[in-house]
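Asker: sequence below, structure please.
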Amino acid sequence: MREPVGERRPSWIPHTRAWGIGLAGATAVISGIAVFVNGYAVKQFDNSSAYTTAKNLVAAACLGALLVAATARRSEDGWTPPRTSAQKLGLLTVGVIGGGLPFLLFFDGLSRATSTDAAFIHKTLVVWVGVLAVLFLRERLGWPHVAAIGAIVVGQALLAEDLASLRLRSGELMILAATLLWSVEILVAKRLLSSLSPLTVGVSRMGIGVVVLVAWLAVTGQLDAFAGYSASQWGWVLATGVILTAYVATWYSALARAQAVDVTAVLVFGAVITAALDASVRGVSVQADLAGLAAIAAGTMVIVVLAVRPHESSDRGPA
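Answerer: Numbers count the residues shown, from 1 in each chain. Alright, predicted model coming up:
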């Protein structure tokens, strides 16, 4: 349970499983938009590591501002000071393996692997989280859950153009390593969110992560990459940084209210949002992807129904 810090106002978002799934749905929409926008943004930069660092720095600053505002109004969403060594170590872990190292591995891996292979490997996150959540969080996973997650994975496989050619070369292994680190991060964050506010964990993730990213740029002599940014490029950094802020804030708020495996599965629905944007804005045909998108949508709906149905235990508090 979260430790009381004086008299605090309750969060304006009810602390129920249904709201957690709703927030996960919002995160999926934001994720779908983020993937679409980043597809344009990353082409504006020669150095993806520097761009990622700048974008994450904006998100860290925005989340910090939200945390200060929530703390000032004495909301329970405000700063929750870590009181135990385990909490402090947990926040450090979330920052390093959630906001730092995986970004370096993922974007370096992207430059070596095909986008199709990279997308499929990254979307296996729900499988790793499902396994870890059952083993370490004791989350319940019935056969309907397994079938729904299976439908989601099959949908992702159908979206891949040539999955048979997938090979675990250096780029694919780096993306797999990033995905595994993010799955462990979700596990650690879920534990922390039972006693710390989502904004506390979110700011720690992005703040410590940015320190790791800046240190990497300094060690590799890439810090000067920011100096030549044009106004247009800084505009892209700000826009994608704000989107990342919304993603992290809603993601951790969802994770604080519902099962890790449920919110991770719902997050995959972002692929449907990205496909809809590609079709409506860029005129990309999604005819060949309809079966995969339908499988993802169906699997997600089953997860939502299973998550929000009445449970024997109380619906209040972290699942």
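Asker: now the helices for the stretch 151-300 of the chain?
Answerer: 170-192, 198-219, 231-255, 260-267, 270-281, 290-308 (DSSP state H, counting those that start in this stretch).
Asker: pick out the shakiest of those helices, pLDDT-wise.
Answerer: Lowest mean pLDDT within those: helix 270-281, a mean of 90.
Asker: list the contacts of that one.
Answerer: Contacts to helix 270-281, defined as CB atoms under 8 Å, 6 or more residues apart in numbering, come from residues 27-36, 123, 155-156, 159, 284-286, 289, 293, 296-297. (C-beta placed from N, C-alpha, C; glycine too.)
Asker: export that helix as PDB, just CAs?
Answerer: The C-alpha coordinates for helix 270-281 follow below in PDB (Å, rounded to 0.1, in the frame of the first residue of the first chain):
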ATOM      1  CA  GLY A 270      -1.700   0.600 -31.300                       C
ATOM      2  CA  ALA A 271      -0.800  -1.300 -34.500                       C
ATOM      3  CA  VAL A 272      -4.400  -0.900 -35.600                       C
ATOM      4  CA  ILE A 273      -4.300   2.800 -35.000                       C
ATOM      5  CA  THR A 274      -1.100   3.200 -36.900                       C
ATOM      6  CA  ALA A 275      -2.600   1.200 -39.800                       C
ATOM      7  CA  ALA A 276      -5.700   3.500 -39.800                       C
ATOM      8  CA  LEU A 277      -3.500   6.600 -39.900                       C
ATOM      9  CA  ASP A 278      -1.400   5.100 -42.700                       C
ATOM     10  CA  ALA A 279      -4.500   4.400 -44.700                       C
ATOM     11  CA  SER A 280      -6.300   7.700 -44.100                       C
ATOM     12  CA  VAL A 281      -3.300  10.100 -44.200                       C
END
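Asker: what angle separates that helix from helix 290-308?
Answerer: 130 degrees (axes from the mean of the first three to the mean of the last three CA atoms, to 10 degrees).
Asker: got the angle between helix 270-281 and helix 231-255?
Answerer: Going by the same axes, to 10 degrees, helix 270-281 makes 140 degrees with helix 231-255.
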